[in-house]
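Asks: I'll drop the sequence and a predicted model, then ask my questions.
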Amino acid sequence: MQTIKYRLMHVEDSPALQAIMTASPDAGLIQFSYEYEQDLIKVHSSLGNDVRGVVALRDDSIIGMFLGDLLQVQWAGEIQDAVYISNLRVHPEYRRRGVARGMSQWGLSYVEDQLGADAILYGAVMESNKSLSLAQQYGFISTHLIQGGVVPMRNHPPKSQPNLEVRQAVPDDLPEIVDSMNRFYQDYDLWSPVSANSLRSFIGQQVADIFPNQLYVVSRGGKLLAGLSLSDRTSLVRMRIAKSSAILRLMGVLLGILPRSGDLKTLTVRRVWFECDELEAGRYLWQQIRYQLRGRADSLGIAYDPRSPLHDLFQLPFWLPMFKARYLVRTSDSSHKLIYCLAGP
């Protein structure tokens, strides 16, 4: 049997990685495949901090991959080096042959060499995934339940509030946004503290001639009350329904989430915050974004800890389909704090 080898991802691997992503749709009740209009590595780097990856090769052909986003996160009251693991894929012809395990072990050794044995590794796993039951064997703990999904855009504007202004943030807003964001998430585990430079880099990311990231705020009398970050990858990668039940597909069409074409145009929302006693301003921002950006996408993708104030901000109807997941975190310190959710559609 040909030996399977592992190495770091190279820029020139992008075409092969795109083929793996196409051949390996997400697991779940609704499975999505991804067709990249631009370089896969550049697209993922536009959202991440320092994105790297590991590939598995057989006869010099890539048969597996995963991405690792190097960042710093809050955990157990400290700022720690971490790697967020995503997009673990193995070509269907090579599954159940130990490829995923081999990539994981190789990647773990690399992380320990680069960041030390105490670096936090984490990734999102669907609630029904059998990996949850195996987590403790490999030194991972499971966080509280998180949830997310896609929320349809609004066809009608929310009730007007003339004293509130919703707009895209400008550079002069960054110091105030930084203070507000970090204060809102100061007690959340897995939050990556932001700075003016990190947010400036975020909105300055460019793929081809596209700037996919923006910051939005709502203000009253010039004072910022709430905000969020938004990433528009609809022109960079096509998210397509690869498999779903007829009932789920019909529900998605009726709710305006899943178009009949099968292509899902979703904007990713992260870093949602609001000032103390300004929940209503945060709700207004959220509803205005759903309405004002309706021409750019069909839905907004979110992920959040349902124990957090964001549950009250989003005010999602009970009938809206949402996924349930947990983070598996390799750490020696358990946590019962609120969880910041990096992952999302």
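Replies: Received the coordinates, thanks. Residues are numbered from 1 along each chain as shown.
Asks: in the strand ranked longest in the chain, which residues are buried?
Replies: Longest strand of the chain, by residue count under DSSP state E: strand 61-75. Across strand 61-75, burial judged by 16 or more other CB atoms under 10 Å covers 62-71, 73-75. Glycine gets a C-beta too; all of them are placed from N, C-alpha and C.
Asks: now the protein, which segments are flagged as low pLDDT?
Replies: 1-2, 25-33, 48, 128-138, 240-262, 343-345 (pLDDT under 70).
Asks: what about the helices in it?
Replies: 14-23, 40-45, 99-115, 131-134, 174-184, 196-204, 246-255, 279-292, 310-314 (DSSP state H).
Asks: can I have the longest strand of the chain written out in PDB, keeping just the CAs?
Replies: The C-alpha trace of strand 61-75 is given here as PDB (Å, rounded to 0.1, in the frame of the first residue of the first chain):
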ATOM      1  CA  SER A  61      -2.000  13.800  -5.100                       C
ATOM      2  CA  ILE A  62      -3.800  15.600  -2.300                       C
ATOM      3  CA  ILE A  63      -6.500  13.400  -0.700                       C
ATOM      4  CA  GLY A  64      -7.200  15.300   2.500                       C
ATOM      5  CA  MET A  65      -6.900  18.700   4.000                       C
ATOM      6  CA  PHE A  66      -7.700  20.900   7.000                       C
ATOM      7  CA  LEU A  67      -7.200  24.600   7.800                       C
ATOM      8  CA  GLY A  68      -5.800  26.100  10.900                       C
ATOM      9  CA  ASP A  69      -6.400  29.800  11.900                       C
ATOM     10  CA  LEU A  70      -3.600  30.900  14.300                       C
ATOM     11  CA  LEU A  71      -4.900  33.500  16.700                       C
ATOM     12  CA  GLN A  72      -4.900  34.500  20.400                       C
ATOM     13  CA  VAL A  73      -8.000  33.900  22.500                       C
ATOM     14  CA  GLN A  74      -9.300  34.400  26.000                       C
ATOM     15  CA  TRP A  75      -9.500  31.200  28.100                       C
END
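Asks: now the angle between helix 99-115 and it, please.
Replies: Strand 61-75 runs at 50 degrees relative to helix 99-115, counting by axes from the mean of the first three to the mean of the last three CA atoms, to 10 degrees.
Asks: strand 61-75: partners in the sheet, and parallel or antiparallel?
Replies: strand 50-58 (antiparallel), strand 78-90 (antiparallel) (DSSP bridges).
Asks: so which of these is nearest residue 19?
Replies: Distance to residue 19, taken as CB to CB, is lowest for strand 78-90 among those, at 10.2 Å.
Asks: mind putting the strands paired with strand 61-75 into JSON lines with mean neighbour count and distance to residue 191?
Replies: Shown next, in JSON lines, are the strands paired with strand 61-75 (neighbours: other CB atoms under 10 Å; distance: least, CB to CB, whole Å):
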{"stretch": "strand 50-58", "mean neighbour count": "20", "distance to residue 191": "17"}
{"stretch": "strand 78-90", "mean neighbour count": "19", "distance to residue 191": "10"}
